[in-house]
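Novice: sequence first, then the predicted structure:
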Amino acid sequence: MSVFRRRTLRSLAATLGLAGTLTLAACGGAGDDAAGGGSEGPTGSLNAAGASFPAAIYQRWFQQLAEKGVNVNYQSVGSGAGVRQFQAETVDFAASDAPMKEDAIAEVSRGVLQIPMTAGAIAVAYNFEGCELALNQEQLAGIFLGSITNFSEVGCDDKPIRVVHRSDGSGTTFNFTKHLAAISPEWDGGPGADKSISWPVGVGAKGNEGVSAQLKQIDGGIGYVEVAYVKDGLQAAALENASGESVMPTNETESLALASIDLGPDLIGGNPNPDQGYPIVTFTWILAYETGNGDKTPLLKETFDFMLSEEAQAQAPELGYVTLPPEVVAKSKEQVARISE
């Protein structure tokens, strides 16, 4: 598939995900066979909230689930807000691009299952027509530290650099700043890595959607978003990996980097500075309650089993994501099987 074709498909996917709230409604409630158009599986509705990183592919999957009679109201509010709603038990499940920490898990009495559901890359997106940006690791950190302030310092024509970052608690921020901390001692000893940090420079916007929209309005803007949101005049910079290669985010380079990640027994591992492929990649997780799901249990299992199916996973590349490796799918399905009433 050509780079142009891949970027076009990703742009279409991001357009689908622009709404802050992804609501898929259909007639009927739990147990209403009419909602499923005669579906033999469980039917009903689920409420969920969280990461905007996977919103485009989740929307596609939830549209397909609605045809089966399972209606998922997913609010793309960011990983931080999703985790808070999950802890407050105001949703049936949540989504996060950063695994929950042990202290946060301890606050959930029903038990927490963290299920890898898809994967993708975080692009450094910029708005500067005619600039083919390729950043080494020192330059990347320097831009977000505020020590590099003009595109002329990184090989393009003279234009002030205007940084845009996330304003909300975000797994995308967590993974992006983990990479910065891994490649820059100054960043590691300063802003550090978390879902929310004190940024040295720039203006904030909410969600991948908000950062993308803000960048389009700012000549010379640069920020970080999930690859599917690089569209409508935005470009992705080539970035240097740990081996010194300058790499663009593509399905092939992202898959190569993801193969270096050992998820571990709890399925929450990562690699903030891989030596092969595109250097900022991450899995993204569904957060499910292990117990206390009551009559929503069959709906949850139907939803997650579909998302992990060959049919669903095969759609990932055309939407700008990476299909989960078979061994990860198998481990994720084991987690789904643990969901109980």
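Specialist: Everything's here; your move. Small disclaimer: the values here were computed from a predicted structure and weren't measured. Numbering: from 1, shown residues only.
Novice: check which residues of stretch 146-155 are buried.
Specialist: Buried residues in stretch 146-155, counting neighbours by 16 or more other C-beta atoms under 10 Å, are found at Ile148, Phe151, Val154. In short, each C-beta sits where N, CA and C put it, glycine included.
Novice: same list (these) but as TSV, adding distance to Asn47, pLDDT and secondary structure.
Specialist: As requested, the buried residues of stretch 146-155 are exported to TSV (distance: C-beta to C-beta, whole Å; pLDDT from 0 to 100; DSSP: H, G, I helix; E, B strand; the rest coil):
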residue	distance to Asn47	pLDDT	secondary structure
Ile148	43	98	coil
Phe151	44	98	helix
Val154	44	98	helix
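Novice: closest one to Gly169 out of those, please.
Specialist: Closest approach to Gly169 among the buried residues of stretch 146-155 (C-beta to C-beta): Ile148, at 26.6 Å.
Novice: check contacts around that closest one.
Specialist: When contacts are counted by C-beta atoms under 8 Å, 6 or more residues apart in numbering, Ile148 touches Gln139, Gly142, Val154, Ile161.
Novice: before we move on, what about Ala81?
Specialist: Taking C-beta under 8 Å, 6+ apart, one finds Ala49, Gly50, Asp168, Gly169 in contact with Ala81.
Novice: just those residues: which are in strands?
Specialist: Among the contacts of Ala81, DSSP state E puts Ala49, Gly50 in strands.
Novice: and the contacts of Ala81, which of them are buried?
Specialist: By 16+ other C-beta under 10 Å, the contacts of Ala81 give Ala49, Gly50, Asp168, Gly169 as buried.
Novice: mind listing what the third one touches?
Specialist: Asp168 makes contact with Val77, Gly78, Gly80, Ala81, Ser196, Lys206, Gly207, according to C-beta under 8 Å, 6+ apart.
Novice: could you measure from Asn136 over to Ala288?
Specialist: Per C-beta to C-beta, to the nearest Å, Asn136 is found 40 Å from Ala288.
Novice: who has more neighbours out of the two?
Specialist: Ranked by neighbour count (other C-beta atoms under 10 Å), Asn136 and Ala288 place Ala288 first, with 25 against 15.
Novice: hmm, Phe93 and the more buried one touching each other?
Specialist: Yes - if you go by C-beta atoms under 8 Å, Ala288 and Phe93 touch, sitting 4.9 Å apart.
Novice: please enumerate the shared neighbours of those two.
Specialist: By C-beta under 8 Å, 6+ apart, the residues touching both Ala288 and Phe93 are Leu300.
Novice: pLDDT below threshold where in the stretch 1-150 of the chain?
Specialist: Within the stretch 1-150 of the chain, the segments meeting pLDDT under 70 span 1-39.
Novice: tell me which stretches of it form strands.
Specialist: For the stretch 1-150 of the chain, the strands defined by DSSP state E, counting those that start in this stretch cover 21-23, 44-50, 70-76, 93-96, 112-126, 134-135.
Novice: to Pro317, which of those lies closest?
Specialist: It's strand 112-126; of these, that one is closest to Pro317 (C-beta to C-beta) at 10.1 Å.
Novice: residue contacts, Leu140?
Specialist: Leu140 makes contacts with Val124, Leu180, Ile183, Leu239, Glu240, as judged by C-beta under 8 Å, 6+ apart.
Novice: can you tell me which of those residues end up in strands?
Specialist: Val124, Leu239, Glu240.
Novice: from Ile183, how far off is the first one?
Specialist: Counting by C-beta to C-beta, the separation of Val124 from Ile183 is 13 Å.
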